[in-house]
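Asks: with the input below, show me the fold.
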Amino acid sequence: MNAKVVLTAAFGLAMVGCGGTKAPDIAAYQKLGADLSAAVESHETTCATLTTADCPGERSRYDAEVRPMLDRMLSMSGDMDACMNDMGYAASADMRGTCQSMRTELDSHLAAACTADIAGEASRHAAVMGGMLQHEMDRSVAMQGMMGGSMMSGGMCHPHS
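Replies: Okay, here's the model as predicted:
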């Protein structure tokens, strides 16, 4: 057998034998969640005294601030779910779905944001987003604990024993 083939096969078996995939950057995910939460709260506060004439500008500003953060969380959430699956917690691998629900909520809010009850809609939106963001943060803290408390990326997601 060719030495290169043997070496490649041995490396492949070693990688499989180690188990798990590279751990996601939980600290970055938590920071992004905190930033998104702060933006939602700021938007709610702004909308409490917003006039109908000023609403379209605030709606556009909010979308431009929040959508990129939400898209980044969505892109990271697949790795978070994969890690949960690798560690044997498939039932907790729902972070991507929650991020997709947050995107749907954002779109719904933007469609209704400049209704007659601007403050009420902003408060409703903040409560819904706050609940979903709390869920994401709770999951990330649990994952951090399962990985030995390390918030640094570069570790591995190993099956739960």
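
Asks: tell me the helix or strand right after the lengthiest helix in the chain.
Replies: Determined from DSSP state H, the single longest helix within the chain is helix 55-86. Downstream of helix 55-86, the first helix or strand assigned by DSSP states H and E is helix 95-112.

Asks: go through that following helix and flag the buried ones.
Replies: Met95, Arg96, Thr98, Cys99, Met102, Arg103, Glu105, Leu106, His109, Leu110, Ala112 (16 or more other C-beta atoms under 10 Å). The C-beta positions use only the backbone N, C-alpha and C, and glycine is treated the same way.

Asks: for that helix, packing partners?
Replies: Applying 3 or more C-beta pairs under 8 Å, 6 or more residues apart in numbering; DSSP states H and E, we find helix 95-112 packed against helix 55-86, helix 118-146.

Asks: can you lay out the buried residues of helix 95-112 as a markdown table showing distance to Asn85 and pLDDT?
Replies: Shown next, in a markdown table, are the buried residues of helix 95-112 (distance: C-beta to C-beta, whole Å; pLDDT from 0 to 100):
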| residue | distance to Asn85 | pLDDT |
| --- | --- | --- |
| Met95 | 11 | 82 |
| Arg96 | 11 | 86 |
| Thr98 | 15 | 91 |
| Cys99 | 16 | 92 |
| Met102 | 21 | 96 |
| Arg103 | 22 | 96 |
| Glu105 | 25 | 98 |
| Leu106 | 27 | 98 |
| His109 | 31 | 98 |
| Leu110 | 33 | 97 |
| Ala112 | 36 | 96 |
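
Asks: closest one to Gly120 out of those, please.
Replies: Closest approach to Gly120 among the buried residues of helix 95-112 (C-beta to C-beta): Ala112, at 9.9 Å.

Asks: contacting residues around that closest one?
Replies: By C-beta atoms under 8 Å, 6 or more residues apart in numbering, the contact list for Ala112 reads Glu121.

Asks: which among the buried residues of helix 95-112 gets closest to Tyr29?
Replies: Among the buried residues of helix 95-112, Met95 lies closest to Tyr29 (C-beta to C-beta), at 8.4 Å.

Asks: please report the distance of the closest one from Val128.
Replies: 17 Å (C-beta to C-beta, to the nearest Å).

Asks: before we move on, what about Gly78?
Replies: Separation of Gly78 from Val128 (C-beta to C-beta) stands at 23 Å.

Asks: quick one, which of those two is more surrounded?
Replies: More neighbours surround Val128 than the other of Gly78 and Val128, with 17 against 14 (other C-beta atoms under 10 Å).
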